[in-house]
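S.K.: I'll drop the sequence and a predicted model, then ask my questions.
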Amino acid sequence: MRILADENFPGPIVDFLRRAGNDVIWVKTNCATLKDPELLNLAESEARIMLTLDKDFWQIALQRRVHL
């Protein structure tokens with residue numbers, strides 16, 4: 001599975017997912033300078049599932065869809 005884990009996602013879970021054979025990009029170590037809209041673009045362009053604990057991330061995703 002191709003996954004993009006937000007910076008607030010727990011490192012031990014990221015490690016577990018990687019050990020299980022998943023292709024995981026962790027924002028905290030791989031692309032910390034990207035803002036939320038850019039992360040959504042990255043996830044979509046690379047066909048990745050976005051994992052986050054950010055409670056308002058869904059609003060950003062919804063607003064982004066309205067403007068497409």
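M.R.: That came through, no problem. Bear in mind the structure is a predicted one, so any value in this text is a computation, not a measurement. Numbering: from 1, shown residues only.

S.K.: Which strands and helices lie in contact with the helix or strand of the chain with the lowest mean pLDDT?
M.R.: Within the chain, confidence by mean pLDDT, DSSP states H and E is lowest for helix 57-66 among all helices and strands, at a mean of 72. Packing partners of helix 57-66 (3 or more C-beta pairs under 8 Å, 6 or more residues apart in numbering; DSSP states H and E): helix 36-45. For every residue, glycine as well, the C-beta is placed using N, CA and C.

S.K.: buried set for the helix or strand that the helix it packs on is followed by?
M.R.: Per DSSP states H and E, the first helix or strand lying C-terminal to helix 36-45 is strand 49-51. Residues 50-51 are the ones in strand 49-51 that count as buried (16 or more other C-beta atoms under 10 Å).

S.K.: same for strand 49-51, what does it pack against?
M.R.: Using 3+ C-beta pairs under 8 Å, 6+ apart: strand 49-51 touches strand 2-5, helix 36-45.
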